[in-house]
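> I'd like to go over a predicted model; first the sequence, then the structure.
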Amino acid sequence: MVSSYDTLPEEFENRSRILGMTAEVLSTIGDSAVVTYTSPREGKDVYLTTYAASRKFAKPKQMLSKQTVEYRRCETIVENVIRAYHAKVQDPIGLPPFKMGTLRVVEDPSVNAYTLPNGDIFVNTGLLDVIDRYAREGAMGQMGRSDALAFVIGHEVAHNVLQHLNERISQDSMLGIVRMLLISALSVVLRSE
């Protein structure tokens with residue numbers, strides 16, 4: 001089912017696309033993508049993605065407290081990025097607003113940050129560690145630690161605002177339909193011989 005067909009603004013080369021899900025459905029996906037609970041053994045907030053929760057040996061990821069330096073650093077940068085997006089990108093270009101969900105800074109060595117369709121933002125400590133290391137080594141040129149993290153967060157916000165997940169799921173669904181039609185046509189041809 002196609003929920004909408006749209007064309008991105010000229011800043012994105014007027015690219016047309018089909019979006020198969022409504023914003024409400026996407027938000028539900030985001031809301032159900034994470035299982036959050038307090039670990040009885042450690043007394044700390046942890047989370048699992050629903051995908052990980054379905055796997056037998058998945059290890060929960062610990063979320064850092066809002067009082068940690070890492071969380072406060074990310075919170076400030078996220079707020080600045082969203083404010084800048086609304087003032088300097090969204091309004092002038094006419095893109096939809098970014099609706100912030102929950103910020104989660106996760107104790108995870110993998111170098112990653114991402115957003116969910118409901119506006120939740122995840123930042124792994126592995127990303128913060130790499131940014132800090134590159135800044136110490138002078139490998140980022142004029143870009144500082146905050147700039148590098150803001151760049152990554154802005155990138156993830158852009159994925160969310162431009163509905164890249166919706167677009168990807170829609171493309172995959174359309175390809176699945178085309179595959180089924182081709183297989184059906186091939187089976188009819190083979191049966192008739």
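Thanks, I have the structure now. Numbering: from 1, shown residues only.
> buried set for stretch 73-93?
Neighbour counts using 16 or more other CB atoms under 10 Å place 73, 74, 77, 78, 81, 82, 85, 89, 90 of stretch 73-93 among the buried residues. Yep, even glycine has a C-beta here, placed from its N, CA and C like the rest.
> And that stretch, end to end?
Start-to-end span of stretch 73-93 (CA to CA, to the nearest Å) is 29 Å.
> Which residues does that stretch contact?
The contact list for stretch 73-93 (CB atoms under 8 Å, 6 or more residues apart in numbering) reads 9, 11, 66, 95-98, 100, 103, 105, 121, 123, 128, 146, 149-150, 153-154, 157, 161.
> rerun that using 10 Å as the cut-off
8-12, 64, 66, 68, 95-100, 103-105, 113, 119, 121-123, 125, 127-128, 145-158, 161 (CB atoms under 10 Å, 6 or more residues apart in numbering).
> On the three-state scheme, residue 85 is what?
Here residue 85 is recorded as helix under DSSP: H, G, I helix; E, B strand; the rest coil.
> tell me the pLDDT at it?
Listed pLDDT for residue 85 reads 91.
> go on, the one 10 residues further on?
Note for residue 95: predicted pLDDT of 82.
> Residue 81 now?
On the pLDDT scale, residue 81 is placed at 95.
> Give the bridge partners for residue 107, please.
Judged by DSSP bridges, the bridge partners of residue 107 are residue 62.
> all helices in the protein, in order from the N-terminus.
Remark: helices assigned in the chain by DSSP state H are 23-32, 50-53, 69-84, 91-93, 125-137, 145-161, 164-192.
> If I average pLDDT within each of the ones you listed, which one is lowest?
Of all the helices of the chain, mean pLDDT reaches its minimum on helix 50-53 (a mean of 49).
> Go through the buried residues of stretch 73-93 and say which is closest to residue 135.
residue 73 (12.5 Å; CB to CB).
> Report the separation between the closest one and residue 105.
9 Å (CB to CB, to the nearest Å).
> got it, and residue 138?
Distance of residue 138 to residue 105, computed by CB to CB: 25 Å.
> which one of those two has more residues nearby?
Neighbour totals were compared for residue 138 and residue 105, and residue 105 leads with 26 against 7 (other CB atoms under 10 Å).
> Quick check: that one touching residue 112?
No. If you go by CB atoms under 10 Å, residue 105 and residue 112 don't touch, sitting 11.9 Å apart.
> Give me the common contacts of these two.
Common neighbours of residue 105 and residue 112 (CB under 10 Å, 6+ apart) are 122, 123, 124, 127.
> ranking these by neighbours, who comes first?
Counting neighbours by other CB under 10 Å, residue 123 leads the shared contacts of residue 105 and residue 112 with 27 neighbours.
> Would you mind listing the residues in contact with that one?
64, 70-71, 73-75, 77-78, 103-106, 108, 112-114, 149, 152-153, 156.
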